[in-house]
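Colleague: Dropping a prediction and its sequence here:
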Amino acid sequence: MDNVLEELKKIILKYDKNVEAKEGKIMGTNGTVFNQEGVFKYGLTKTKTGYSFHSMAMYANPDLFNDLKSKMTKAKFQKGCVNFKSLEDFPVDSFEEHMKKSAKCDFSMVINHYKQKKRLEKK
């Protein structure tokens, strides 16, 4: 695994004890998927031009999104995704602070939504 991705993976697992990491697809790209109770919460991928961090916690919580965006002015933000070329654009200390906050956010609403959706699809 790439050193940048490995460093970010360690930070995610250090602060969010509710997730499990495994290799998988994120937006059609191979990467590391972090699930909580079987529901996607974060993802890390290597892209053609750099890296991507995906976060359903950030997508579901605009305050998390805005806080991280204000600290990472060189990264490119989408709804629940941050694209960056290097750790110079995505400072580890800001990411670590973000993960501390993200891990404390209530993710149960998202989990319940996806579990209910799966139950309805089985009917």
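Modeller: Thanks, I have the structure now. Numbering: from 1, shown residues only.
Colleague: Let's see the distance spanning stretch 24-41 from one end to the other.
Modeller: Using CA to CA, to the nearest Å, the span of stretch 24-41 from its first residue to its last is 13 Å.
Colleague: List the contacts of Q36.
Modeller: Counting by CB atoms under 8 Å, 6 or more residues apart in numbering, Q36 makes contact with D16, N18, V19, E20, F107, I111. Every residue, glycine included, has its C-beta placed from N, CA and C.
Colleague: need the longest helix for this protein.
Modeller: Longest helix of the chain, by residue count under DSSP state H: helix 108-122.
Colleague: gap between that helix and the chain center?
Modeller: In terms of CA atoms, centre = their mean, to the nearest Å, the centre of helix 108-122 is found 19 Å from the chain centre.
Colleague: Quick one: list the elements packing against it.
Modeller: On a contact count with 3 or more CB pairs under 8 Å, 6 or more residues apart in numbering; DSSP states H and E, helix 108-122 meets strand 39-46, helix 56-60.
Colleague: Using a markdown table, lay out the ones you listed together with distance to K76 and mean pLDDT.
Modeller: A markdown table is the format used below for the helices and strands packed on helix 108-122 (distance: least, CB to CB, whole Å; pLDDT from 0 to 100):
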| stretch | distance to K76 | mean pLDDT |
| --- | --- | --- |
| strand 39-46 | 14 | 95 |
| helix 56-60 | 14 | 93 |
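Colleague: can I get these in JSON lines with mean neighbour count and distance to F84?
Modeller: Below are the helices and strands packed on helix 108-122 laid out as JSON lines (neighbours: other CB atoms under 10 Å; distance: least, CB to CB, whole Å):
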{"stretch": "strand 39-46", "mean neighbour count": "21", "distance to F84": "11"}
{"stretch": "helix 56-60", "mean neighbour count": "21", "distance to F84": "14"}
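Colleague: Out of the ones you listed, which is closest to S86?
Modeller: For S86, the closest of the helices and strands packed on helix 108-122 is strand 39-46, at 11.9 Å, according to CB to CB.
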